[in-house]
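Student: Sequence first, then the predicted structure:
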Amino acid sequence: MTFAALRSLYALIGDALDDIERIYHDASLDSSSPTPTTPYTVLTSPCTPFRPRAPRPVDDEDTEDDEYVPYSASRTPKTPRRTGNGASLDSDVTVNVLDFPSLDMPYYPTEGHDQSTDASESLASHPDVIAATNRIVAACGQISATVHRPFLTLCDAAMGYHLPACLRFLEASHTVELLRAAGPNGMHVSELSRHVNVDEGKLAHMLRLLATHHITREVRPNVFANNRISAIMDSGKSPEDLWRPSQDKYESTNGIAAFINLCTDELFKSASYLADCYLPMPSSRKSTDGTHAMHAPFNVAFNTDVPYFEWLEQPGNEARLKRFGPAMTGTAAWEVPGAIIGGFPWHDLREGSVVVDVGGGIGSTAMLLAHTFPHLKFVVQDRPQVAEQGVAAWRGRCPEMLDSGRAMFLGHDFFLPQPPLNFPGSREPAMPSVYILRVVTHDWPDAFVTKILLNLRRAATPETKLLIADHILPHACYDENEDPASEEEPLPGMVRSLAPQGSPLLPNLGKANANAYWLDLTMRVTFNAQERTLREMAALVQTAGWKIVDVVHGESSSFGHMTAVPIEIPEASSSFSSSDTVKNVKASGQQPAGRHRSGSVLSAPESIRMDHTFGSQTALPTEDAMRKPVQKSRRPLLPWWRSKSAPSAHNGKGGKVVTPEKQLPPLPPQALQVDTGKSLKARRPKLSLITPPMPDLRPPAQVLHTRSDSKVRILSPGANRSPACMQDTVQFPQVPAGPSSDDTLLQSPLISAHGESSMLLPALEPTSPLKVRARPSRTSLKKKASQMFEFTKASMANLRSPTSRDNSGLGHLAAAAASTPRLPNLGASTMSIPSLPGVEESPPSRMRADSEGGRMRELKKMRSKSQLGLAHVTVEVREGRAGLREGSRVESRDAESAEGGR
Ligand SMILES: C[S@@+](CC[C@H](N)C(=O)[O-])C[C@H]1O[C@@H](n2cnc3c(N)ncnc32)[C@H](O)[C@@H]1O
């Protein structure tokens with residue numbers, strides 16, 4: 001079954017690549033359309049036509065041996081083949097197709113780019129592309145975990161600590177800025193060493209570890225350059241400026257460098273004390289005794305009793321304190337901007353409804369919503385010092401919102417009862433229609449969250465909604481009702497799996513969603529807080545008299561929007577008074593997070609001992625961000641296999657109602673076999689939201705699962721819904737796409753500017769997909785396994801031998817290529833071998849033949865493309881040593897042409 005599962009994952013990758021390439025392809029085609037458009041409008045169109053492909057051109061040699069049968073999974077990736085200039089061979093239209101951004105090409109956030117590069121980057125964050133890349137990342141992670149030796153995988157995890165350590169060095173030494181100045185040819189470590197004043201040998205090894213993890217690039221031996229990943233940490237400042245002590249590196253940046261510095265500094269160090277904190281052992285550092293509710297591994301690591309934010313304010317931590325705000329700005333990159341717009345039926349709220357963003361920072365979310373929904377009014381509440389920053393920021397950007405009384409800021413401690421919402425000019429306090437808590441609950445342990453929610457519940461009307469936006473941690477297994485016969489109402493929004501149905505992928509998409517789990521543990525080790533599963537969140541909100549009735553999240557994403565409605569406050573909590581948290585905590589000698597509460601709601605407490613931003617994003621959304629999310633939010637926000645079956649407001653055909661908890665059972669094991677690629681593909685939508693209803697194989701629905709062209713909603717029928725929420729299908733306004741930078745697509749289709757550059761590290765780059773014999777016999781499998789083992793052993797010995805030549809100057813690549821033996825597919829008679837110009841005098845194949853010729857009887861043909869695209873080698877091997885001498889033919893096209901040129 002393992003091979004079947006691996007092939008299924010492989011097919012999934014091919015399909016996802018197809019999806020991505022089609023999106024790029026379609027965007028490029030549309031660039032010739034006379035109607036101005038943007039990637040988003042083109043790609044989310046409900047009826048983007050699927051272009052059937054011409055049959056794949058077949059290499060003559062491929063069909064020579066009729067023993068080889070095409071295998072659907074091995075045919076993937078089924079991406080259109082390209083000519084040299086990027087034109088698709090599979091389409092009848094010749095067009096220069098936008099390419100996916102290259103890993104090797106830095107895309108500095110602080111620099112201008114040509115239009116096609118911008119367009120290509122912009123498409124990479126298209127929701128459909130993100131969903132497809134998530135599937136690729138998940139599948140690759142799972143394939144690697146399956147095939148890699150378990151000990152090596154464990155070592156990766158156990159010694160992974162070197163990565164944050166080196167990353168911290170990269171950022172703190174301003175090497176990213178130095179490499180930006182050096183350009184694509186990179187900088188030799190000897191020069192780098194002069195700038196950063198660290199020995200070049202040490203530098204080389206740190207940067208190489210990063211290059212091995214694709215975070216920098218080793219262009220030539222000991223010469224390093226930025227790539228697409230390291231480049232996003234660029235502060236845009238000159239290296240010379242950064243050496244000045246007064247320079248604030250993170251000011252006016254995207255915050256990513258600040259965030260990396262924060263993570264790889266105290267958060268990384270705190271994490272390493274997790275076991276010492278919770279499993280104190282005689283040898284481990286003594287855990288402080290947990291004198292407050294936020295006691296965490298951080299306290300053990302830094303040998304302090306005070307909570308993190310209070311510690312940040314202590315002398316000596318000034319730089320860390322200053323870094324925190326920008327670092328939070330950096331986390332904006334986590335979420336598709338503006339997802340909140342599709343996360344709630346804002347348009348259905350009555351004219352003048354009041355939305356209160358509790359812990360709303362400087363009002364980034366409120367500003368986005370206020371621009372999009374002009375019929376709503378906004379109150380942004382945060383600690384007074386943050387609220388002040390918010391007022392200043394809004395005065396600079398949209399003073400009319402404040403002046404007209406459509407929006408106001410309130411300094412308010414959310415552990416205290418809600419203040420009346422007195423808008424200037426109104427005699428009556430306004431009633432809250434919606435409370436938002438966006439990335440607030442994950443900052444606090446459960447008891448604190450209950451307290452915050454209770455204060456909101458007590459001020460709520462029966463019609464008030466609570467919108468919690470946070471990561472919803474999926475389980476790492478299928479999530480279903482343990483007792484299907486249970487009468488209990490299923491949790492709305494419970495997703496059985498984020499993975500394509502029937503695929504062997506981990507249901508939470510494993511590596512693709514790893515960030516949510518990193519963040520979860522980060523909260524734990526720093527604040528003793530956490531991200532929560534939907535079950536955990538549903539139980540938690542109930543403690544304060546709320547009930548979750550609706551959940552919306554991005555496709556394949558764990559960031560979600562949960563809507564709750566008021567229910568009766570449980571007795572246990574109803575006696576919980578405003579000051580209880582503080583009192584209880586004090587009684588047990590605990591101090592909640594250095595919070596010092598003042599009695600007055602609107603006045604600044606004498607001392608809230610935390611930094612001036614405490615997790616607030618310090619940047620408002622850009623104009624562009626305020627425009628784009630509206631377009632993006634038209635997409636349904638659930639995994640495609642769910643939305644496909646959901647009723648469509650578009651086609652009116654109304655697929656069957658889906659019960660999220662009762663998805664189709666996983667496919668039987670046979671279904672994972674050879675036709676998996678096909679079956680997966682058959683279920684995959686092609687950029688089209690209009691899909692025929694699937695046959696309903698599910699038990700009767702228990703909840704309504706509805707969809708409009710803007711979002712998918714899951715409503716519990718028993719939920720206490722306001723008239724606004726009673727509508728199953730919610731139409732969002734189709735806000736016209738304004739002039740956008742995406743128009744760039746129209747003018748500048750990208751030709752593959754960087755040629756066929758190597759996309760993976762030399763030693764790892766795959767050759768073309770292996771052909772697979774349908775049913776290899778057991779004996780032949782065994783023989784081939786032993787042949788390949790001997791073959792690769794000999795190859796490696798050859799490259800290690802002092803006689804192996806390196807007159808190409810690419811010896812390191814040759815060694816890399818050869819030292820990574822291709823794992824032969826045991827069913828394959830065609831396989832890849834590494835080949836490089838300059839080493840053909842003692843090619844691995846010949847070496848192998850000399851020493852092991854007699855065992856090569858079965859190896860009829862080997863065909864290889866060089867990992868580096870430098871040579872094409874065909875080695876035919878006949879029987880035995882003599883046969884090899886007579887029959888061996890080594891063709892090296894590039895070597896031949898090079899020969900001719902001499
Ligand atoms: C992680 S931030 C989230 C900010 C904002 N909701 C967003 O989505 O960007 C947490 C916010 O909670 C605020 N906060 C922390 N303690 C608070 C308190 N006791 N009362 C009010 N706001 C508080 C912080 O100032 C910060 O702005």
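Tutor: Received, thanks. Worth saying up front: this structure is predicted, and the values here are computed from it rather than measured.

Student: residues near whichever residue of the stretch 1-150 of the chain sits closest to the ligand, how many?
Tutor: Here the stretch 1-150 of the chain gets closest to the ligand at one residue, residue 125, 19.0 Å apart by CB to the nearest ligand atom. In this view, the C-beta of every residue, glycine as well, is placed from N, C-alpha and C. The burial count assigned to residue 125 is 15, neighbours taken as other CB atoms under 10 Å.

Student: Residue 467 in helix, strand or coil?
Tutor: strand (DSSP: H, G, I helix; E, B strand; the rest coil).

Student: The host helix or strand of residue 564 packs against which elements?
Tutor: Using DSSP states H and E, residue 564 falls within strand 559-566. Where contact means 3 or more CB pairs under 8 Å, 6 or more residues apart in numbering; DSSP states H and E, strand 559-566 is packed against strand 465-473, helix 534-542, strand 546-553.

Student: So for the residue of the stretch 1-150 of the chain closest to the ligand, what pLDDT did the model give?
Tutor: Note on residue 125: pLDDT of 86.

Student: Is there proximity between the strand holding residue 564 and the ligand?
Tutor: No. Using CB under 6 Å from any ligand atom, we find that strand 559-566 stays clear of the ligand, coming within 11.2 Å at best.

Student: Measure how that strand sits relative to strand 546-553, angle-wise.
Tutor: If you take axes from the mean of the first three to the mean of the last three CA atoms, to 10 degrees, strand 559-566 sits at 150 degrees to strand 546-553.

Student: Count the neighbours of residue 384 for me.
Tutor: Neighbours of residue 384 (other CB under 10 Å): 18.

Student: next one: residue 319
Tutor: With other CB under 10 Å as criterion, residue 319 counts 12.

Student: One more: the one 3 residues further on?
Tutor: Here the number of neighbours of residue 322 (other CB under 10 Å) works out to 19.

Student: tally of neighbours for the residue lying closest to it once chain neighbours are set aside?
Tutor: Nearest residue to residue 322, sequence neighbours excluded (CB to CB, 6 or more residues apart in numbering): residue 248, at 7.0 Å. Each residue near residue 248 was counted by other CB under 10 Å, and the total is 15.

Student: hang on, isn't residue 248 packed against residue 323?
Tutor: No. In this structure, residue 248 is not within contact of residue 323 by CB atoms under 8 Å, at 9.2 Å.

Student: could I get the helices and strands packed on strand 559-566 as CSV with mean pLDDT and distance to residue 156?
Tutor: CSV is the format used below for these (pLDDT from 0 to 100; distance: least, CB to CB, whole Å):
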stretch, mean pLDDT, distance to residue 156
strand 465-473, 95, 23
helix 534-542, 96, 30
strand 546-553, 94, 30
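
Student: Could you say which one of the ones you listed comes nearest to the ligand?
Tutor: Closest of the helices and strands packed on strand 559-566 to the ligand is strand 465-473, at 7.1 Å (criterion: CB to the nearest ligand atom).

Student: who does the closest one touch, helix- and strand-wise?
Tutor: Against strand 465-473 (3+ CB pairs under 8 Å, 6+ apart) you get strand 432-438, helix 514-527, strand 532-533, helix 534-542, strand 546-553, strand 559-566.

Student: Just checking: what are the partner strands of it?
Tutor: With DSSP bridges as the test, strand 465-473 is paired with strand 432-438 (parallel), strand 532-533 (parallel), strand 559-566 (antiparallel).

Student: Include mean neighbour count and distance to residue 213 when you put the helices and strands packed on strand 465-473 into CSV, please.
Tutor: Shown next, in CSV, are the helices and strands packed on strand 465-473 (neighbours: other CB atoms under 10 Å; distance: least, CB to CB, whole Å):
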stretch, mean neighbour count, distance to residue 213
strand 432-438, 24, 32
helix 514-527, 19, 14
strand 532-533, 21, 30
helix 534-542, 19, 33
strand 546-553, 25, 29
strand 559-566, 24, 25
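
Student: Tabulate the ones you listed (a markdown table), appending distance to residue 111.
Tutor: What follows is those, written out as a markdown table (distance: least, CB to CB, whole Å):
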| stretch | distance to residue 111 |
| --- | --- |
| strand 432-438 | 31 |
| helix 514-527 | 26 |
| strand 532-533 | 39 |
| helix 534-542 | 41 |
| strand 546-553 | 34 |
| strand 559-566 | 29 |
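
Student: Ok, which of the ones you listed comes nearest residue 195?
Tutor: Between residue 195 and the helices and strands packed on strand 465-473, the tightest spacing by CB to CB is seen for helix 514-527, at 31.5 Å.

Student: Which neighbouring elements make contact with that closest one?
Tutor: Short answer (3+ CB pairs under 8 Å, 6+ apart): helix 514-527 packs on helix 268-271, helix 274-278, helix 297-301, strand 465-473.

Student: The residue nearest to residue 402 when sequence neighbours are not counted: neighbouring residues, count only.
Tutor: Nearest non-adjacent residue to residue 402, counting by CB to CB, 6+ apart: residue 394, 5.6 Å away. Residues near residue 394, counting by other CB under 10 Å, number 23.

Student: One more: residue 379?
Tutor: 25.

Student: Could you report the separation of it from the ligand?
Tutor: 13 Å (CB to the nearest ligand atom, to the nearest Å).

Student: right, and that residue touches residue 422 too?
Tutor: No. With contacts counted by CB under 8 Å, residue 379 stays clear of residue 422, the gap being 9.8 Å.

Student: tell me, what's touching those two both at once?
Tutor: Counting by CB atoms under 8 Å, 6 or more residues apart in numbering, residue 379 and residue 422 have no shared contacts at all.

Student: And the lowest mean pLDDT element among the helices and strands of the chain?
Tutor: Least confident helix or strand, the chain: helix 744-747 with a mean of 22, by mean pLDDT, DSSP states H and E.

Student: circling back: nearest to residue 348, of the helices and strands packed on helix 514-527?
Tutor: strand 465-473 (10.6 Å).

Student: now check that closest one, is it near the ligand?
Tutor: No. Against the ligand, strand 465-473 shows no contacts by CB under 6 Å from any ligand atom, the least distance being 7.1 Å.
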